[in-house]
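# starting from these lines, generate the structure:
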Amino acid sequence: MFVFVMPELMKESAFRYYLVIIPFCIVLFSCAKMNAPTGGSKDKEIPVILKSVPENGATGFRGNEIVITFNEYVVLDKISEKFMASPPMKKRPEVVTKGKNIHVRFEDKLRDSTTYTFYFQDAVRDLNEGNAINNFQFVFSSGPFIDSLSLTGNLYSALNLDPPENTLVLLYSQTDDSAVVKQLPDYITRAESNGEFRIDNIHPGTYALYALVDDDNSKNYNSRDEAFGFYDKPVLITPEKNYIPLQKDSIVLKPASGKVQVKPPVIGEYQLVLFQAEKKLHYLISSSRKQSYQLSYILSLPPGEMKFDFSIPGISPEKYFIENSRNRDTVTVWITDSTLYNLQQIETIVSFPFTDTLGITNQKTDTIPMRYLAPRVSRGKAVKRVPFKVDAGISGQVRPDKQIILKAPAPFLQPDTAKLAFYELLKEGKVRSRFELIKDSVNSCNYFMKSNLKPGKIYLFISDSAAFKSIYGEYSDSTGVRFTVMTPESFGKLILDIKGYEGSMIIQLLNNSEKLIRQAFLKTSRKIEFPLLEKGNYRVRVIFDLNDDGIWNTGDFDTHRQPEPVSYYPQEIEIKEFWEVVQPWQLEMKNYKESKLQKIKSAGR
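Purely as a prediction, here's the structure:
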């Protein structure tokens, strides 16, 4: 009996056990299943100031630390770039975060009865989502009241009239020219990316107004290499220019491309044109050895009546020759002796015009070592012969006015014209076409190919192996180039009917990236034609050539000369194939450009 009863009892116990354990496991695993939290809505609120010591707008403050407390944890984004104090302090204030607080500490003693503005721009952001307080300013005064007057304006780059980047606006109560060179400004701000600027909390008075791209962070215009602008007349800040709290429009433009841009600038009271002055100091910019046999020297200015001399101690001048660029500010030395150019280092002696700290220009002599390290070749691999590559710069379709230039990486020897052929291709075959090779009188690496290209015709240029040879014994490989000369029907024409200005001007035709395509010189308003234009969108710019020298002249603060003014036709002009556009243009405004044509960048992070 016992043997038969036990299995039945065990089956019944096991059944009851599984009835309990299986539901328990189901509940357990369903509870342990991991799901992504749904979360709440995204935080879009900017940090809110709960209090500050002193209060924003406080008077009679003489301390050396500002503490601002927010309702949430905050971080500082690029604070070293964005933070600015006005008036500037000799030693930059320290800005740090501690939890929900921002501490601004400064060592400079505050000026008497002066209103200070700390510009944070959009550097203050919340910790979680990075929501920024845009155009955040903190204002206090060391005197009994807050100065409440303002100044507004716009910045433009001199030649293209686009808003310049990263530009400071400086206001000086001392109006003589030396102040912007030697002293810190009384007020300072950074212009918006669309060129707008505004300085608030100004004391009544007469000021000098400047703009500066401050390359050395000195807050002074102490180098002609820095972009600079100045207002021609003293700026009068009077009580009529009452302070209006700054309210920024948050609307942004979203063009068809989907790219977000800031809104066009609001035109302020003062307009500043930023320019880079012509260099006046003579010096050697750089020296390099791009190839073992090629030495290059770049001067800041053409030497003029002075000269650039070159020599290698103990080496005869017959073992190299020298070439100058067309404006003589770049010098290239070609070494022809293999014993010399195979050296890793060559000691060179150069003499060039140099302007010292007193502004006196004399001849200066320097010893400059020129090093060249040949590329390494893996063990067991032979050095590949590099062919003498000659590029004609033609392929596919070519304009009928195309100047064919044969270019090489090293100076040419006389080409073997017997190994060159130029054909016009016909249905029934090909016929030889006449051509002539003319050596460039300035650049020994160039040859001009002169030929009579006929619109609509197909040509073939063939160069057999070793048709070209360099002075270093390198030979060209065989090559052939086939191209078609475009017909007049492939082009459009633009006729500009210019009116409204009597005087010398330069009319420049630009592509939609503002690269110069062509230009014409006028003595008075009239019609001009630009034929053989490829289809596309173009822009047109006029330079008012005030000194009638045929070039655009930049500004010069030393002589108080502003850059020559320019203006743009207000729209892009579309040119189609076999189409003529007659466009009237009334020249009424100088330094004018439609904001939609300006390259206004997004004010993103």
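# wait, Thr491 touches Phe530, no?
No, residue 491 isn't Thr; it's Phe. No. Look at Phe491 against Phe530 with Cβ atoms under 8 Å: they stay out of range, at 10.2 Å. In short, each C-beta sits where N, CA and C put it, glycine included.
# the residue sitting nearest the centre point of the chain in helix, strand or coil?
Nearest to the mean C-alpha position of the chain, by Cα atoms, centre = their mean, lies Glu165 at 8.6 Å. Three-state assignment for Glu165 (DSSP: H, G, I helix; E, B strand; the rest coil): coil.
# against Lys109, how distant is it?
Using Cβ to Cβ, to the nearest Å, Glu165 is found at 34 Å from Lys109.
# what of Glu278?
Noted for Glu278: a distance of 41 Å to Lys109, by Cβ to Cβ.
# now the helices: where do they sit in the chain?
2-32, 79-82, 179-182, 338-341 (DSSP state H).
# what mean pLDDT does the third one have?
Computed over helix 179-182, the mean pLDDT rounds to 96.
# other residues contacting that helix?
Under the criterion Cβ atoms under 8 Å, 6 or more residues apart in numbering, residues 170, 172, 208, 210, 212, 220-222, 230 lie in contact with helix 179-182.
# tabulate the CA atom coordinates of that helix in CSV.
The C-alpha coordinates for helix 179-182 follow below in CSV (Å, rounded to 0.1, in the frame of the first residue of the first chain):
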residue,chain,number,x,y,z
ALA,A,179,42.7,108.1,-26.7
VAL,A,180,41.7,105.0,-28.8
VAL,A,181,45.3,104.1,-29.2
LYS,A,182,46.5,104.5,-25.6
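# give the buried residues for that helix.
Within helix 179-182, the residues that count as buried by 16 or more other Cβ atoms under 10 Å are 179-180.
# gap between it and the chain center?
27 Å (Cα atoms, centre = their mean, to the nearest Å).
# cool, the last one as well?
Here the centre of mass of C-alpha atoms in helix 338-341, compared against the chain's by Cα atoms, centre = their mean, lies 40 Å away.
# neighbouring contacts of that helix?
With Cβ under 8 Å, 6+ apart, helix 338-341 has contacts from 292-293, 312, 315, 319-320, 335, 346, 472.
# of those, which is the most crowded?
Counting neighbours by other Cβ atoms under 10 Å, the top entry in the contacts of helix 338-341 is Ile335, with 24 neighbours.
# just the pLDDT at Asp126, thanks.
The model reports Asp126 with a pLDDT of 92.
# typed the wrong thing, it's Glu129
So, for Glu129, pLDDT stands at 88.
# sitting in strands, which of the contacts of helix 179-182 do you find?
Among those, the members found in strands (DSSP state E) are 170, 172, 208, 210, 212, 230.
# who's the fifth one bridged to?
Beta-bridge partners recorded for Leu212 (DSSP bridges): Leu168, Phe228.
# domain map for the chain?
Listed by automatic domain parsing, the domain ranges of the chain are 49-141, 149-274, 284-371, 396-486, 490-597.
# which one of those domains lies closest to Val390?
domain 396-486 (4.9 Å; Cβ to Cβ).
# run the chain-centre distance for that closest one.
37 Å.
# average pLDDT for it?
95.
# what about the closest residue to Phe136 other than its chain neighbours, neighbour count?
In this structure, Phe136 finds its nearest non-sequential neighbour in Phe120, 4.2 Å apart by Cβ to Cβ, 6 or more residues apart in numbering. Phe120 sits with 23 neighbouring residues when counted by other Cβ under 10 Å.
# give me every residue that touches Phe120.
Counting by Cβ under 8 Å, 6+ apart, Phe120 makes contact with 79, 82-83, 133, 136-138.
# residues contacting Ala467?
Listed by Cβ under 8 Å, 6+ apart, the contact set of Ala467 reads 415-417, 419-420, 476, 478.
# ok, Leu532 next?
If you count contacts by Cβ under 8 Å, 6+ apart, then Leu532 has 399-401, 488, 491, 493 around it.
# for the stretch 51-200 of the chain, what spans make up the strands?
Under the criterion DSSP state E, counting those that start in this stretch, strands of the stretch 51-200 of the chain are mapped to 65-70, 74-76, 84-86, 94-98, 101-105, 115-121, 124-126, 136-141, 149-157, 168-172, 187-190, 196-202.
# what's the closest of the ones you listed to Gly503?
Comparing those by Cβ to Cβ, strand 149-157 comes nearest, at 21.5 Å.
# alpha carbons of that closest one, as PDB, please.
Taking Å, rounded to 0.1, in the frame of the first residue of the first chain, the C-alpha atoms of strand 149-157 are listed here in PDB:
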ATOM      1  CA  LEU A 149      21.100 107.700 -21.800                       C
ATOM      2  CA  SER A 150      21.700 105.400 -24.800                       C
ATOM      3  CA  LEU A 151      23.400 105.200 -28.200                       C
ATOM      4  CA  THR A 152      22.400 102.900 -31.100                       C
ATOM      5  CA  GLY A 153      23.900 102.200 -34.500                       C
ATOM      6  CA  ASN A 154      25.000  99.700 -37.100                       C
ATOM      7  CA  LEU A 155      28.300  98.300 -38.400                       C
ATOM      8  CA  TYR A 156      29.200  97.400 -42.000                       C
ATOM      9  CA  SER A 157      32.300  96.000 -43.600                       C
END
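# ok and that strand relative to strand 168-172, angle-wise?
Put simply, strand 149-157 runs at 130 degrees to strand 168-172, going by axes from the mean of the first three to the mean of the last three Cα atoms, to 10 degrees.
# and strand 149-157, how far out from the chain's middle?
22 Å.
# report the angle between it and strand 115-121.
Per the same axes, to 10 degrees, the angle that strand 149-157 makes with strand 115-121 is 40 degrees.
# mind listing what the closest residue to Gly492 other than its chain neighbours touches?
Residue nearest to Gly492 in three dimensions, not counting chain neighbours: Ile575, with 4.0 Å by Cβ to Cβ, 6+ apart. Counting by Cβ under 8 Å, 6+ apart, Ile575 touches 492-494, 533-538, 581.
# just list whatever residues bridge to Ile575.
Beta-bridge partners of Ile575, counted by DSSP bridges, are Gly536.
# just send the contacts of Ala467 back as JSON lines, with distance to Leu546 and neighbour count too.
Output for the contacts of Ala467, formatted as JSON lines (distance: Cβ to Cβ, whole Å; neighbours: other Cβ atoms under 10 Å):
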{"residue": "Pro415", "distance to Leu546": "47", "neighbour count": "18"}
{"residue": "Asp416", "distance to Leu546": "53", "neighbour count": "15"}
{"residue": "Thr417", "distance to Leu546": "50", "neighbour count": "11"}
{"residue": "Lys419", "distance to Leu546": "54", "neighbour count": "15"}
{"residue": "Leu420", "distance to Leu546": "50", "neighbour count": "17"}
{"residue": "Ser476", "distance to Leu546": "50", "neighbour count": "23"}
{"residue": "Ser478", "distance to Leu546": "55", "neighbour count": "12"}
